[in-house]
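[1] Structure of the sequence below:
(one chain, ligands or ions: 1)
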Amino acid sequence: MELRKVIEKRRTVRDFKDEDISTEILKYAIENAFKAPSYNHLREWDFIIVKSMETKLKLIESENLDKEISIDELLKVFENEELIKKEMYLEAIPKQKKMILNAPVVVIVVFRPKKRIEKADRIYDLNCVASAWCCIENFLLSLAEHDVYGVTYIPQHTDKIKEKLDIPEELEIAAIIPIGYQAENAKILKQKEINILERIHNERWR
Ligand SMILES: Cc1cc2nc3c(=O)[nH]c(=O)nc-3n(C[C@H](O)[C@H](O)[C@H](O)COP(=O)(O)O)c2cc1C
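    Below is the predicted model of the structure:
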């Protein structure tokens, strides 16, 4: 498929059909993920494929996603934000638990940090995170090519998840990605329009 078409096709989806994804599609996307650029040439990434309710519940529990969310509270938190950003958060936040539970597959992308993330003091120290995200984008684009979509959820309680899923202590979690075919009524938010001419700078900022 033409690259531009796949790039445009990839969108964040949080509502999934109850339909499994073939091993071939998953394998193809993971193979392409491993073709991403990697800061130290080692491609130190791993993919944990989660399908069972038991493991999904461990994720929900670790992330405290069980709590009820008050829309009024959310409205207050985002009241001064740009409308397009507010709309995204109001759509996304209430769906965090459901999207993990309803996705036929949840993929956890794990990487080896250069040094402990909390000890990073230069952008350079975050090369491992940047590389993991290059790998994630290849993964998402390759899924979109096959009409499979996902949403990158960033966990906040990675130590709990690592413990519950036996992930070695020295590794880190880049994202938890519920993936699947998009439900009939899946909401795809409008992307913010960017005038790229305002974002391209020649030789210096202005
Ligand atoms: C680094 C990163 C973190 C994100 N975290 C979350 C998240 O925790 N939960 C969620 O529902 N979406 C998350 N998203 C998805 C964004 O909301 C989504 O990419 C954005 O609204 C743009 O929409 P699009 O992907 O359809 O272009 C994240 C995306 C990125 C790149």
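
[2] hang on, residue 28 packs against residue 142?
    Yes: counting by C-beta atoms under 8 Å, residue 142 is a contact partner of residue 28 at 5.9 Å. C-beta: built from backbone N, CA, C; applies to glycine.

[3] I'd like the distance from the residue nearest in space to the middle of the chain to residue 106, if you could.
    In the chain, the centroid-proximal residue (C-alpha atoms, centre = their mean) is residue 152; its distance is 1.4 Å. Distance, residue 152 to residue 106, using C-beta to C-beta, to the nearest Å: 11 Å.

[4] same question, residue 120
    Residue 120 is 27 Å from residue 106, by C-beta to C-beta.

[5] quick one: which of these two has more around it?
    Each of residue 120 and residue 106 has its neighbours counted (other C-beta atoms under 10 Å); residue 106 has more, 24 against 16.

[6] Let me know whether the lowest-mean-pLDDT helix or strand in the chain sits next to the ligand.
    Ranking every helix and strand in the chain by mean pLDDT, DSSP states H and E puts helix 71-77 at the bottom, with a mean of 88. No: using C-beta under 6 Å from any ligand atom, helix 71-77 never reaches the ligand; the gap is at least 13.2 Å.

[7] heads up, I number from 27, so please use that
    I'll keep to 27 as the first residue from here, and by that count the last item is helix 97-103.

[8] Tell me the helix or strand right after that helix.
    helix 109-118 (DSSP states H and E).

[9] Kindly export that following helix (C-alpha atoms) in PDB.
    What follows is helix 109-118, C-alpha atoms only, in PDB (Å, rounded to 0.1, in the frame of the first residue of the first chain):
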ATOM      1  CA  LEU A 109     -11.300  22.900  22.300                       C
ATOM      2  CA  ILE A 110      -9.700  20.200  20.100                       C
ATOM      3  CA  LYS A 111      -7.500  19.100  23.000                       C
ATOM      4  CA  LYS A 112     -10.400  19.200  25.500                       C
ATOM      5  CA  GLU A 113     -12.600  17.100  23.100                       C
ATOM      6  CA  MET A 114      -9.800  14.500  22.900                       C
ATOM      7  CA  TYR A 115      -9.400  14.200  26.700                       C
ATOM      8  CA  LEU A 116     -13.200  14.100  27.300                       C
ATOM      9  CA  GLU A 117     -13.500  11.300  24.800                       C
ATOM     10  CA  ALA A 118     -10.300   9.400  25.800                       C
END
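
[10] Any buried residues in that helix, and which?
    112, 114, 118 (16 or more other C-beta atoms under 10 Å).

[11] And the pLDDT at the second one?
    It stands for residue 114. With respect to pLDDT, residue 114 scores 94.

[12] what's the spacing between the longest helix seen in the chain and its chain's center?
    Looking across the chain with DSSP state H, the single longest helix is helix 153-170. How far helix 153-170 lies from its chain's middle: 9 Å, per C-alpha atoms, centre = their mean, to the nearest Å.
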